[in-house]
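S.K.: okay, structure incoming, though there's no sequence with it:
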């Protein structure tokens, strides 16, 4: 693969982001401008920005990678990422906007009239934000490593620097433009190569991918195993090995491995002849691949449970993601917030038609990525694999640019909201200068953790953030908006027990502490039990503390649900003569 | 999900009261009263009656939301069970890769129209 084109594409995306950010800097003058774009962002622009921000590395690279390794059952990820917006739309969108709060912490304080509830919510915002930022930075590292051979921390550092710079300099207004631009860039970057690749696949006789049997290699393939893996064979396999297999050293010898389980040590190179059956990678202990494996099937019961765990986490978790929630405050009123969400559903749904195609083509043309542990790279290497030559390079460059747009947009949205919360609730005094310091803190922590943490496929890692969000903020938002008897002690107990247990389960699984079998499945997919736990705790503790119902509850609920025409909360900009046509779009 | 309704109140009475009130106040078809209409000031002043108005709107909005969620659970949430049956792989691809998205958008579209109609009806009720 010619690297020059890809480097040029990545540089162009980074420069464009910085430039548009700089333009925003000139526009944003007041503090209110800086934070929420003064709440005048229009539905079309705002929807593109929300979608741009939402479609992260997990969507751009991760889904295709998971589909390649584990088959179409992984399509529940994009389905969940989309349907999450529907749940958010019907339960939360308009009231959240009408609450007039900016972050989820603001919502908690406004609804519960409690500073302590606010601080607890802030902790969760920061925690979920960091959980979500981590895979973005790791994905950037992987992309740059594949494109240029740079060490895997370079990409993460680059994204962190650009994001910190843009967010600290321009605030939300510039971010809105950057995000909207990046949605269209990501869509184009995935759509155009997909058309060429599909044409080439069709011209190739439209080979089918099989997911229920080991993939068959089409060409002579050399695989370098990055991390130690266990492989399972049901028939003898011949390969030329350099490195260590089953603790025996080889140097370029042709070896026939018998049926059974084999250990391939990190750094070992395996060369296969055309027509060889690719060995299946087996999950074990801390092997990150083991994460989503129950989803793909086999063991009865586990698969269904894991699928519902994923469905609950993504359907209910979207509303509590810090960078998603912040976006609703930029709509001028509740009705616009709903219509914006509807447009978002269209844009996001259209985008998600594409990653599965890459997963399918990856299984046909680059199945060995499943073995190397870099299946997330499938999207990036396919043009070179299928087309080759200059067209392959150019399309590969386009995809690399799109992938970087994905890291940058999601990372900046997350940084923006994490930094907002840090400024208001953690750092001593407020003001735009502290916001810049908070921005630095918001990116530095996940960057540092990323260097030491073990790598999990990006789509899976993002799934963890969803599970925590679904068990903490989903109950808080839904009960806060629709139930009059919620009390601060109830909300805080629910946040701690629901969100805390989901976080603990997920962390324990990542650390390899979960025993095998059902305990592992239950802990790896906590949402099925942790979401009801969060709801139940909030309800029961609230019912037990009826005297603590905040006195302003009726007035606040009225504000959340009444249309702005009645509450008179329509911002001044709305009364301009040109406003109605815009609103009734 | 959040079926924790506030204690039920006779909703129809609210409507009757408002319509009767609107008729008694007798603003002409063209003329709105200069001050806040009665129902609206009840809301503004947070009287018991005002809260009843808000509750009735909340209940109709919650009903719309739960209907949409029910449709989602029925059409999408049941898919893992359906796909767990021996199904051709192409069906999985088609259902999850393509089919789900228009369904989700359709539900969303229905909900937005319904929620806006609820709000319009409510505004018409209290502003009259």
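M.R.: Structure's in. What do you need? Computed from a prediction, not measured in an experiment: that's the story for all the values here. Numbers count the residues shown, from 1 in each chain, chains lettered A, B, ... in the order given.

S.K.: okay, the residue lying closest to residue A:561 once chain neighbours are set aside and residue B:51: tell me how far apart.
M.R.: Closest residue to residue A:561 apart from its sequence neighbours, by CB to CB, 6 or more residues apart in numbering or on different chains: residue B:58 at 5.1 Å. Placement of C-beta: from N, CA and C, glycine included. Distance from residue B:58 to residue B:51, counting by CB to CB, to the nearest Å: 10 Å.

S.K.: residues contacting the residue nearest to residue A:561?
M.R.: For residue B:58, the contact set (CB atoms under 8 Å, 6 or more residues apart in numbering or on different chains) comprises A:482, A:557, A:561.

S.K.: now for the first one, how many residues are close by?
M.R.: Right, the one you point to is residue A:482. Residue A:482: 26 surrounding residues under other CB atoms under 10 Å in any protein chain shown.

S.K.: next, give phi and psi for it.
M.R.: Dihedral pair for residue A:482: phi -110, psi -10, per degrees, to the nearest 10.

S.K.: right, and it touches residue A:91 too?
M.R.: Yes. Using CB atoms under 8 Å, residue A:482 is in contact with residue A:91, at 7.5 Å.

S.K.: returning to that earlier point: in what helix or strand does the residue nearest to residue A:561 lie?
M.R.: Here residue B:58 is covered by helix B:48-72, with elements defined by DSSP states H and E.

S.K.: give the next helix or strand downstream of the host helix or strand of residue A:182.
M.R.: If you go by DSSP H and E, residue A:182 is part of helix A:152-203. Where DSSP H and E defines the elements, the next helix or strand beyond helix A:152-203 is strand A:221-224.

S.K.: which stretches of chain A form strands?
M.R.: Using DSSP state E, the strands assigned to chain A run over residues A:221-224, A:229-233, A:237-245, A:248-257, A:260-264, A:269-272, A:280-282.

S.K.: what residues does the stretch 301-450 of chain A put near chain B?
M.R.: By CB under 8 Å from any CB of the partner chain, the residues of the stretch 301-450 of chain A that approach chain B are A:303-304, A:307-308, A:311, A:315, A:335, A:338-339, A:341-342, A:345-346, A:349-350, A:352-353, A:356, A:360.

S.K.: same thing but at 10 Å, please
M.R.: For the stretch 301-450 of chain A, the residues in contact with chain B (CB under 10 Å from any CB of the partner chain) are A:303-308, A:310-312, A:315-316, A:334-335, A:338-339, A:341-346, A:348-357, A:359-360.

S.K.: separate out the buried members of these.
M.R.: With burial judged by 16 or more other CB atoms under 10 Å in any protein chain shown, the buried subset of these is A:303-308, A:310-312, A:315-316, A:334-335, A:338-339, A:341-346, A:348-349, A:351-352, A:354-357, A:359-360.

S.K.: narrow those to those in helices?
M.R.: Those of these mapping onto helices are A:303-308, A:310-312, A:315-316, A:334-335, A:338-339, A:341-346, A:348-349, A:351, A:355-357, A:359-360, per DSSP state H.

S.K.: and residue A:196, how many neighbours?
M.R.: Around residue A:196 there are 17 residues (other CB under 10 Å).

S.K.: confidence score at it?
M.R.: pLDDT for residue A:196: 94.

S.K.: measure it to chain B for me?
M.R.: Remark: distance between residue A:196 and chain B (CB to the nearest CB, to the nearest Å) = 20 Å.

S.K.: then residue A:451?
M.R.: Applying CB to the nearest CB, the value for residue A:451 to chain B is 35 Å.

S.K.: next, count neighbours for the closest residue to that residue other than its chain neighbours.
M.R.: Excluding its sequence neighbours, the residue lying closest to residue A:451 (CB to CB, 6+ apart) is residue A:153, at 5.7 Å. By other CB under 10 Å, the residues close to residue A:153 number 18.

S.K.: ok, now which ones touch residue A:153?
M.R.: Applying CB atoms under 10 Å, 6 or more residues apart in numbering or on different chains to residue A:153 gives the contacts A:137, A:138, A:140, A:141, A:144, A:145, A:160, A:447, A:450, A:451.

S.K.: select from the residues you listed the one having the most neighbours.
M.R.: Using other CB under 10 Å as the neighbour test, these are led by residue A:140, with 31 neighbours.

S.K.: re earlier: what's the most buried one of the strands of chain A?
M.R.: Of the strands of chain A, the one with the most neighbours on average (mean count of other CB atoms under 10 Å in any protein chain shown) is strand A:269-272, at a mean of 20.

S.K.: who's in contact with that one?
M.R.: Contacts to strand A:269-272, defined as CB under 10 Å, 6+ apart, come from residues A:217, A:219-225, A:231, A:237-243, A:245, A:250, A:252, A:254-255, A:257, A:264, A:276, A:278-279, A:368, A:371-372.

S.K.: try 6 Å this time
M.R.: Residues from elsewhere that reach strand A:269-272 (CB atoms under 6 Å, 6 or more residues apart in numbering or on different chains): A:217, A:221, A:222, A:223, A:224, A:239, A:240, A:241, A:242, A:243.
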